[in-house]
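Enquirer: Quick one, structure for this:
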Amino acid sequence: MPSAQKPSTGPFNPRRLDALRFAQAGATLTGELALTELGRLAQDLSGPIAPGARAIWSAQGASRPGPVGSEPQPWLHLQVRAMVPLACQRCLAAVETELLIDRWFRFVADEVTAEAQDDDSEEDLLALEPRPDLADVIEDELIMALPLVPMHERCPAPPAALQGAAPDDGPAVPERPHPFAALEKLKGRR
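Expert: Just a heads-up that it's a prediction; the model follows:
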């Protein structure tokens, strides 16, 4: 990661993480990633990204017991915090939204194994090979953490659709006939 700080423990490269050794060592990496470097995330944001806006992250490896009779399995604990600009779905103004990620991933041998186990697995899976790029994992997680309907708790202004509209503005909407009007006429003929 170009803007990542030096790893806090061990000689691990976050761009090509040797996840097996990382987990076995119980190592930790920390860093910051400029949001401007996350092009896929930027497509989902509203408005310009503030200069210096960053995702602050930490990753910790762990070995956890596997099924009975098997070797311990490599895991990754990822935590990320970022503030991103989104469009409030009520007033359409920008709303700074905090994204928090706190997720555990279990590593499996490769992408084929990850795909095969994905539907039956309760945990999130990552492949040991090809070696994961933490910047890509972080960006994926931030995209999935985006709220479906971002909103201010209290909008700073009335919703844009209602600003300046008077009750009698716009074309008159014709009154729709009552759906049972024809039945009412039939009932009156008896």
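
Enquirer: Give the rounded mean pLDDT of the biggest helix by length in the chain.
Expert: Longest helix of the chain, by residue count under DSSP state H: helix 134-145. Averaging pLDDT along helix 134-145 gives 97.

Enquirer: So which elements touch that helix?
Expert: Helix 134-145 is packed against strand 28-34, helix 39-42, strand 54-64, strand 73-87, strand 94-110, with contacts defined by 3 or more Cβ pairs under 8 Å, 6 or more residues apart in numbering; DSSP states H and E. (Glycine included, C-beta is placed from N, CA and C.)

Enquirer: and Met151, which of those is closest to it?
Expert: Taking Cβ to Cβ, strand 94-110 is the member of the helices and strands packed on helix 134-145 nearest to Met151, at 6.8 Å.

Enquirer: tell me the angle of the closest one relative to strand 54-64?
Expert: Using axes from the mean of the first three to the mean of the last three Cα atoms, to 10 degrees, the direction of strand 94-110 lies 30 degrees away from that of strand 54-64.

Enquirer: Give the buried residues for the longest helix of the chain.
Expert: The neighbour-count check on helix 134-145 (16 or more other Cβ atoms under 10 Å) flags 134-135, 137-139, 141-142, 145 as buried.

Enquirer: what does stretch 79-97 give?
Expert: 80, 82, 84-86, 88, 90-91, 94-95, 97.

Enquirer: Tell me which two in those are the farthest apart.
Expert: Most distant of these, by Cβ to Cβ, are Val80 and Cys91, 27.8 Å apart.

Enquirer: Gly61 contacts Gln73, correct?
Expert: No: using Cβ atoms under 8 Å as the test, Gly61 is too far from Gln73 to be in contact (11.4 Å).

Enquirer: Among the two, which residue is more densely surrounded?
Expert: Gly61 (25 against 17; other Cβ atoms under 10 Å).

Enquirer: how much space between Val84 and Val95?
Expert: Note on Val84: its distance to Val95, by Cβ to Cβ, to the nearest Å, is 10 Å.

Enquirer: I meant Thr113, not that one.
Expert: 40 Å.

Enquirer: residues in contact with the residue lying closest to Pro48 once chain neighbours are set aside?
Expert: Nearest residue to Pro48, sequence neighbours excluded (Cβ to Cβ, 6 or more residues apart in numbering): Pro85, at 7.5 Å. Taking Cβ atoms under 8 Å, 6 or more residues apart in numbering as the contact definition, Pro85 lies against 45-50, 94-97.

Enquirer: Throw those residues into a markdown table and include pLDDT and distance to Leu35, thanks.
Expert: Output for the contacts of Pro85, formatted as a markdown table (pLDDT from 0 to 100; distance: Cβ to Cβ, whole Å):
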| residue | pLDDT | distance to Leu35 |
| --- | --- | --- |
| Leu45 | 92 | 8 |
| Ser46 | 88 | 13 |
| Gly47 | 79 | 12 |
| Pro48 | 84 | 10 |
| Ile49 | 88 | 5 |
| Ala50 | 88 | 8 |
| Ala94 | 89 | 14 |
| Val95 | 92 | 16 |
| Glu96 | 93 | 12 |
| Thr97 | 95 | 12 |
